[in-house]
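# compute the structure for the input listed below.
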Amino acid sequence: MTTVEYVYRVDAPAGSVGWRPLGERYRGTVMTDTLPEDAEFVAAGVVRDLATEWDHSGTGIHHVRICVWRDTEGVGPEDAECTVEVQPDLDQLPDA
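Residues are numbered from 1 along each chain as shown. Next up, the predicted model:
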């Protein structure tokens, strides 16, 4: 088995600037030992953890992007092995 290190970062939309990192709390490294555990596996775990956090805090789903790189953090989705964007369901938002 080969151990692989994946690095992830959670970004939030920042208007005309594009995206901005949410901070050190939303960055991390995951080591995998088996072939099925790839960048998509890491991204799914991050989404699961975020969903649990949002559920416990009662804040609902946030619009975020998770980028996963192999070995070292890159710039953005252009050099990521996997990118997942999570968006709230606009049909489920309360009326203003």
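
# tell me the centre residue of the protein?
With distances taken as C-alpha atoms, centre = their mean, residue 66 lies nearest the centre of the chain, 2.4 Å away.

# please enumerate the helices of the protein.
Assigned helices in the chain, in chain order: 39-57 (criterion: DSSP state H).

# all strands for it, in order.
Under the criterion DSSP state E, the chain carries strands at the ranges 4-13, 19-21, 27-32, 64-70, 82-86.

# now these as TSV including distance to residue 46 and mean pLDDT?
Heads up, the C-betas are built off the backbone N, CA and C, glycines and all. Shown next, in TSV, are those (distance: least, C-beta to C-beta, whole Å; pLDDT from 0 to 100):
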stretch	distance to residue 46	mean pLDDT
strand 4-13	5	95
strand 19-21	13	96
strand 27-32	8	92
strand 64-70	5	97
strand 82-86	8	95
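
# just these: most buried one?
Highest mean neighbour count among the strands of the chain (mean count of other C-beta atoms under 10 Å): strand 64-70, with a mean of 22.

# hmm, who's touching that strand?
Strand 64-70 is contacted from outside by 4-13, 19, 22, 39-40, 42-43, 46-47, 50, 74, 76-77, 79-86, using C-beta atoms under 8 Å, 6 or more residues apart in numbering.

# make it 6 Å
Contacting residues not belonging to strand 64-70 are listed as 6-12, 19, 39, 42-43, 46, 77, 80-86 [C-beta atoms under 6 Å, 6 or more residues apart in numbering].

# ok and it relative to helix 39-57, angle-wise?
Here strand 64-70 runs at 150 degrees with respect to helix 39-57, directions being taken by axes from the mean of the first three to the mean of the last three C-alpha atoms, to 10 degrees.

# tell me the gap between stretch 65-82 and the middle of its chain.
Stretch 65-82 sits 10 Å away from the centroid of its parent chain (C-alpha atoms, centre = their mean, to the nearest Å).

# over to stretch 20-39?
That offset, for stretch 20-39, works out to 8 Å (C-alpha atoms, centre = their mean).

# using PDB, list the CA coordinates for it.
This file holds the C-alpha atoms of stretch 20-39, laid out as PDB (Å, rounded to 0.1, in the frame of the first residue of the first chain):
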ATOM      1  CA  ARG A  20     -11.500  33.600  -0.200                       C
ATOM      2  CA  PRO A  21     -10.300  30.900   2.300                       C
ATOM      3  CA  LEU A  22     -12.500  30.600   5.400                       C
ATOM      4  CA  GLY A  23      -9.400  30.400   7.600                       C
ATOM      5  CA  GLU A  24      -7.100  27.900   9.200                       C
ATOM      6  CA  ARG A  25      -9.900  26.000  10.900                       C
ATOM      7  CA  TYR A  26     -11.100  25.100   7.400                       C
ATOM      8  CA  ARG A  27      -7.800  23.700   6.100                       C
ATOM      9  CA  GLY A  28      -6.400  20.300   6.700                       C
ATOM     10  CA  THR A  29      -4.400  17.300   5.700                       C
ATOM     11  CA  VAL A  30      -5.800  13.700   5.300                       C
ATOM     12  CA  MET A  31      -3.500  10.700   4.900                       C
ATOM     13  CA  THR A  32      -5.000   7.700   3.000                       C
ATOM     14  CA  ASP A  33      -3.700   4.200   2.700                       C
ATOM     15  CA  THR A  34      -6.000   2.500   0.200                       C
ATOM     16  CA  LEU A  35      -6.700   3.100  -3.400                       C
ATOM     17  CA  PRO A  36     -10.400   3.900  -3.200                       C
ATOM     18  CA  GLU A  37      -9.700   6.700  -0.700                       C
ATOM     19  CA  ASP A  38      -8.800   9.400  -3.200                       C
ATOM     20  CA  ALA A  39      -9.400  13.200  -3.500                       C
END
